[in-house]
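**Student:** give me a model of this one.
(one chain, ligands or ions: 1)
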Amino acid sequence: ADPSVILASDGKYYAYPTGGNKFKVYSSTDLIHWRDEGVALSNSDVSWAKTNFWAPEVLERNGKYYMYFSAGADVMHISVAVSDKPTGPFKEVLDQPLINFEYGTIDPYVFIDDDGKIYMYYSKNMAPVENRKESHIYVVELGEDMMSLKGEPVLVSKPEQSWELKSGNKRWNEGSFVLKKDGTYYLMYSANCYCGRSYSVGYSTSKSPFGPFTKYWNNPVLSAEYSKVSGTGHHSIVRSPDGRELFIVYHSHINPAEGGGNRQLNIDRMGFREDGSIYVNGPTLTDQPPPSGVNGWTNIAGEAKITAGSVKEGYSVKALQDGEIGIYPTRTETRDWVVARESDKAWVKLEWDEPREVDSIWIYNSARYQRALQTGTVVMSDGTKEHVEFPKGEPGAAAIVRPSGKKLKWIRFEVGETLVSGSDAGLSEIFVLGK
Ligand code: FUB
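**Tutor:** Residues are numbered from 1 along each chain as shown. Next up is the predicted model:
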């Protein structure tokens, strides 16, 4: 649960999840295979708390690794431990909590701005508000030592949008993660009870790390609404080995029917649209292409010239190269290539300047049932043809063709049967893993 994943300067990924009386650490070179690296921080090294070791966040700076975490018994507090290595052992240096308010505080996230200023985002946990309890997100500046507070905390987020009000008279904004892009601060967070199906991720934006933050109108960006998965949230974000792709790492319930505190780690792609909004290609439960750069493969679909026999008015064939796959039918309505099925023009072609080595072709259906496909055919420039059947009822599952290293100048996809007879046909994305 609550996975913090970093790409350290040694070129390896490290994952730190919530523990009971300790934090463990796992390493990976590709975000696929993980190795247990043992205990990163043990409660025997923390004088002021022995239980509820929740939500660690690790940050590398000037050759040191800082682990911010929450722990405590009746009242949760936030502190920081330091190590020379990403695997630890992390040692608590303050011998008391860094945030030691009379109310509970959890889920620290530390963000270093371009000007070197350091900010900690965290949640004030379950405070009384009218006849309910709520968790709100605050930000406070940290000193250059990374372990002292500067100034007063500022409130930056509380549950307000309808998707955040799905857990009765307890409401949460927690699990912050902050990133900055083109001068805009994105405050991502989770809402609703971690124990329930509706735990989801949304975000808000601001021109200042202190806010005011405006919530994205189309939140949540990660939820279990259309999936068999349950309780998707408390995430971190990390880049692929070659830096080209972003991955969101989050937890979901091990047993979706039960919910509760038994959670597992999930990884999916995410990205930014041209208008600056965030999309998440998840939750998925099926095979997905490996992260860009693993074994030298990357998505070369965007480097191809794309043409289609026909495109329905109001849609674009470029939607197949925008990185966004069909998961959320209502939120991505216009992000499909749409074509009339009853037409010999129902095809799309990707052509490269030179023949390219192609490992696999991933064809993602429309998330909209009314235009989703059952079948199609992939025609390749070497003269081969392959019939594909689309997986049913599994958002984000691709029809996969594996040329396994063949050199191809072009590929063409021909639309077959739709799920709804006689309807328009739609695809959300074509991903070509190649070199
Ligand atoms: O895992 C314990 C708590 O549950 C975390 O601190 C919250 O973010 C929620 O995921």
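**Student:** going forward, measure contacts and count neighbours with C-alpha atoms only.
**Tutor:** OK.
**Student:** spatially central residue for the protein, please.
**Tutor:** residue 248 (2.2 Å; C-alpha atoms, centre = their mean).
**Student:** how about the nearest residue to that residue, chain neighbours excluded?
**Tutor:** Sequence neighbours aside, residue 237 is the residue nearest to residue 248 in space, at 4.6 Å (criterion: C-alpha to C-alpha, 6 or more residues apart in numbering).
**Student:** what bridges to the closest residue to residue 320 other than its chain neighbours?
**Tutor:** Distances taken as C-alpha to C-alpha, 6+ apart place residue 429 nearest to residue 320, at 4.0 Å, with adjacent residues excluded. Beta bridges link residue 429 to residue 364, judged by DSSP bridges.
**Student:** next, count neighbours for residue 429.
**Tutor:** 26 (other C-alpha atoms under 10 Å).
**Student:** now do residue 257
**Tutor:** Residue 257: 12 surrounding residues under other C-alpha under 10 Å.
**Student:** pretty sure it sits in a helix.
**Tutor:** No: under the criterion used here (DSSP: H, G, I helix; E, B strand; the rest coil), residue 257 is coil, not part of a helix.
**Student:** how far away is it from residue 192?
**Tutor:** As judged by C-alpha to C-alpha, to the nearest Å, residue 257 and residue 192 stand 17 Å apart.
**Student:** I'd assumed residue 5 was in contact with the residue nearest to residue 248.
**Tutor:** Yes: at 7.1 Å, residue 237 counts as touching residue 5 under the criterion of C-alpha atoms under 8 Å.
**Student:** looking at the two, which is more packed in?
**Tutor:** A direct count of neighbours by other C-alpha under 10 Å for residue 237 and residue 5 places residue 5 higher, at 28 against 21.
**Student:** was I right about the more buried one contacting residue 18?
**Tutor:** No: if you go by C-alpha under 8 Å, residue 5 and residue 18 don't touch, sitting 11.9 Å apart.
**Student:** just checking, what packs against the helix or strand hosting residue 37?
**Tutor:** Assigned by DSSP states H and E, residue 37 belongs to strand 35-42. Contact analysis of strand 35-42 by 3 or more C-alpha pairs under 8 Å, 6 or more residues apart in numbering; DSSP states H and E lists strand 22-28 as its packing neighbours.
**Student:** buried stuff in stretch 350-366?
**Tutor:** 350-352, 356-366 (16 or more other C-alpha atoms under 10 Å).
**Student:** return it as PDB; C-alpha atoms alone will do.
**Tutor:** What follows is stretch 350-366 as a C-alpha-only set of coordinates in PDB (Å, rounded to 0.1, in the frame of the first residue of the first chain):
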ATOM      1  CA  LEU A 350       1.000   3.500 -40.000                       C
ATOM      2  CA  GLU A 351       4.000   4.000 -42.300                       C
ATOM      3  CA  TRP A 352       7.600   4.700 -41.300                       C
ATOM      4  CA  ASP A 353      10.300   6.400 -43.500                       C
ATOM      5  CA  GLU A 354      12.500   3.300 -43.200                       C
ATOM      6  CA  PRO A 355      11.600  -0.300 -42.300                       C
ATOM      7  CA  ARG A 356      11.600  -0.700 -38.500                       C
ATOM      8  CA  GLU A 357      12.200  -3.700 -36.300                       C
ATOM      9  CA  VAL A 358       8.800  -4.400 -34.700                       C
ATOM     10  CA  ASP A 359       8.400  -6.500 -31.600                       C
ATOM     11  CA  SER A 360       4.700  -6.200 -31.000                       C
ATOM     12  CA  ILE A 361       1.600  -4.300 -32.100                       C
ATOM     13  CA  TRP A 362      -1.000  -3.300 -29.400                       C
ATOM     14  CA  ILE A 363      -4.400  -2.300 -30.700                       C
ATOM     15  CA  TYR A 364      -6.600  -0.700 -28.000                       C
ATOM     16  CA  ASN A 365     -10.400  -0.700 -28.400                       C
ATOM     17  CA  SER A 366     -12.700   2.200 -27.800                       C
END
